[in-house]
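Chemist: using only what follows, build the 3D model:
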Amino acid sequence: MACNLVSVFLQQAMQSNYPAPSGPTITPFPNFDASADATALNNALQAKDVDEETIINILTTRTNWQRQQIAADYQQSVGKQLKDVMKSKLSGKLETVVLDLLQTPAQFDAHQLYYAMKGLGTDEDCLIEILVSRSNKEIKEIIKAYKEEFKSDLEDKIKSDTSKDFQKALITLLKASRDESCEVDHDLADDDARALYEAGEKRKGTDVDTFINILSSRNAAHMRTVFERYTKYSKHEVDKALDLELSGDIENVLISLVKCIGNKPAYFAEKLYNSMKGRGTQDKILIRIMISRSEVDLKDIKVAYKAKYGTTLYKAIKDETKGDYETILLALCGRDE
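Modeler: Numbers count the residues shown, from 1 in each chain. Prediction:
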């Protein structure tokens, strides 16, 4: 099943089924006035009945940078941290989303990673999602934010919470050394395709290091060419090889890499769909993706979602959530299109 899903991702990427990137759902608010917004938020928070509508409207129509300016102005004028007042006045999932929106992107990811490894058990899917999808610059900022927020080293924590090939893959991604150009070296692509074949299907056992090194270091355009060339050496596509050769967390991280390389919006669309399918909603995943992609590529994810599932992301969220939680997620989502 996994290999069939990846085949779809690769096919979508190579056939360019989706329109050119259209980007974020949240863009800079025109005529921005941090002081006026801070005053409006304070009035909303001090009202007899907290004015959630104003809070949601301001926080979901300002970029993260603008929110940081509002928070700074609020502290200067009120003498309290905006996040602390929000925490004392709000509750439930609305409180969660609001507090997340007040963190910088790096702080947000650092907190997600921290809680994925806190206590008994590890949320491997969270570790995978963040580390396979962030840019070199973003990963370096996450490492710095993690150190500042938790006074500990992210790499050390990952090493203590994971093991074997899965640990090796995550630590390699944490090095943030991927080529981020758009250049394709066709000779190298052929060499990489052959190397992947010889590391997997052609031998007994799997040379996981080769898969990790190639999938984590080459740029996306180059890797799409590698995926095409792979079928020159094998009757299978590379995703099928991964499915046949590996299992568990290492399979998940490598297949997630292939999906992100092939079509990142489709990767996140699938994760959003899975977070809402069946009984109950995986709110942590839903919130994490809606916030982390709202200023990056959430419009593209919406296009991918509709193409893949035949309904809009907006409608899916509306069907699965309610109250102020629904309102704030739909505001992040943008128009039903």
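
Chemist: pull the number of nearby residues for His111.
Modeler: By the measure other C-beta atoms under 10 Å, the count of residues near His111 is 18. Bear in mind the C-beta positions are built from the backbone N, C-alpha and C, glycine included.

Chemist: report all helices and strands that the strand or helix carrying it contacts.
Modeler: Following DSSP states H and E, the helix or strand that holds His111 is helix 105-116. Secondary structure elements in contact with helix 105-116, counted by 3 or more C-beta pairs under 8 Å, 6 or more residues apart in numbering; DSSP states H and E, are helix 124-133, helix 136-150, helix 154-161, helix 283-293.

Chemist: would you list these in TSV and tack on mean neighbour count and distance to Ala241?
Modeler: Supplementary listing: those in TSV, determined by neighbours: other C-beta atoms under 10 Å; distance: least, C-beta to C-beta, whole Å:
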stretch	mean neighbour count	distance to Ala241
helix 124-133	22	18
helix 136-150	17	27
helix 154-161	15	26
helix 283-293	21	28
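
Chemist: and of those, who's closest to Arg203?
Modeler: Nearest of those to Arg203, taken as C-beta to C-beta: helix 124-133 at 25.3 Å.

Chemist: quick one: the closest one to chain centroid distance?
Modeler: Relative to the mean C-alpha coordinate of its chain, helix 124-133 is positioned 7 Å out (C-alpha atoms, centre = their mean, to the nearest Å).

Chemist: now the angle from that helix to helix 154-161?
Modeler: 140 degrees (axes from the mean of the first three to the mean of the last three C-alpha atoms, to 10 degrees).

Chemist: can you tell me how far His186 sits from Val226?
Modeler: With the distance defined as C-beta to C-beta, to the nearest Å, His186 ends up 10 Å from Val226.

Chemist: the two: which has the busier surroundings?
Modeler: With other C-beta under 10 Å as the criterion, His186 and Val226 differ in neighbour count, and Val226 comes out ahead with 23 against 10.

Chemist: what lies in contact with the helix or strand the more buried one falls within?
Modeler: Val226 is located in helix 220-233, with elements delineated by DSSP H and E. Contacting residues not belonging to helix 220-233 are listed as 10, 13-14, 179, 182-186, 188-190, 192-194, 196-197, 214-215, 218, 237-238, 241, 258, 261-262 [C-beta atoms under 8 Å, 6 or more residues apart in numbering].

Chemist: convert that helix to PDB, retaining C-alpha atoms only.
Modeler: As requested, the backbone C-alpha atoms of helix 220-233 are provided in PDB (Å, rounded to 0.1, in the frame of the first residue of the first chain):
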ATOM      1  CA  ALA A 220      14.600  18.000  -5.300                       C
ATOM      2  CA  ALA A 221      14.900  18.600  -9.100                       C
ATOM      3  CA  HIS A 222      17.900  16.200  -9.200                       C
ATOM      4  CA  MET A 223      16.200  13.600  -7.100                       C
ATOM      5  CA  ARG A 224      13.100  13.600  -9.400                       C
ATOM      6  CA  THR A 225      15.500  12.700 -12.300                       C
ATOM      7  CA  VAL A 226      17.000  10.000 -10.100                       C
ATOM      8  CA  PHE A 227      13.600   8.500  -9.500                       C
ATOM      9  CA  GLU A 228      13.000   8.400 -13.300                       C
ATOM     10  CA  ARG A 229      16.400   6.800 -14.000                       C
ATOM     11  CA  TYR A 230      15.900   4.200 -11.300                       C
ATOM     12  CA  THR A 231      13.500   2.300 -13.500                       C
ATOM     13  CA  LYS A 232      16.300   1.900 -16.000                       C
ATOM     14  CA  TYR A 233      18.000  -0.500 -13.500                       C
END
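
Chemist: chain center to it, what's the gap?
Modeler: Taking mean C-alpha positions (C-alpha atoms, centre = their mean), helix 220-233 and its chain are 24 Å apart.

Chemist: so who does Lys315 touch?
Modeler: Contacts for Lys315 were tallied using C-beta under 8 Å, 6+ apart; they are Asp336.

Chemist: list phi and psi for it.
Modeler: Recorded main-chain torsions at Lys315 are phi -70, psi -40, according to degrees, to the nearest 10.

Chemist: over to Val303?
Modeler: Torsion angles at Val303 (phi, psi; degrees, to the nearest 10) stand at phi -60, psi -50.

Chemist: so what's it scoring on pLDDT?
Modeler: Reading off the per-residue confidence, Val303 sits at a pLDDT of 97.

Chemist: next, count neighbours for it.
Modeler: Under the neighbour criterion other C-beta under 10 Å, Val303 is assigned a count of 22.

Chemist: re the thing from before, switch the helices and strands packed on helix 105-116 over to TSV; also include mean pLDDT and distance to Leu99.
Modeler: Putting the helices and strands packed on helix 105-116 into TSV (pLDDT from 0 to 100; distance: least, C-beta to C-beta, whole Å) gives the following:
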stretch	mean pLDDT	distance to Leu99
helix 124-133	98	17
helix 136-150	98	13
helix 154-161	98	21
helix 283-293	98	11
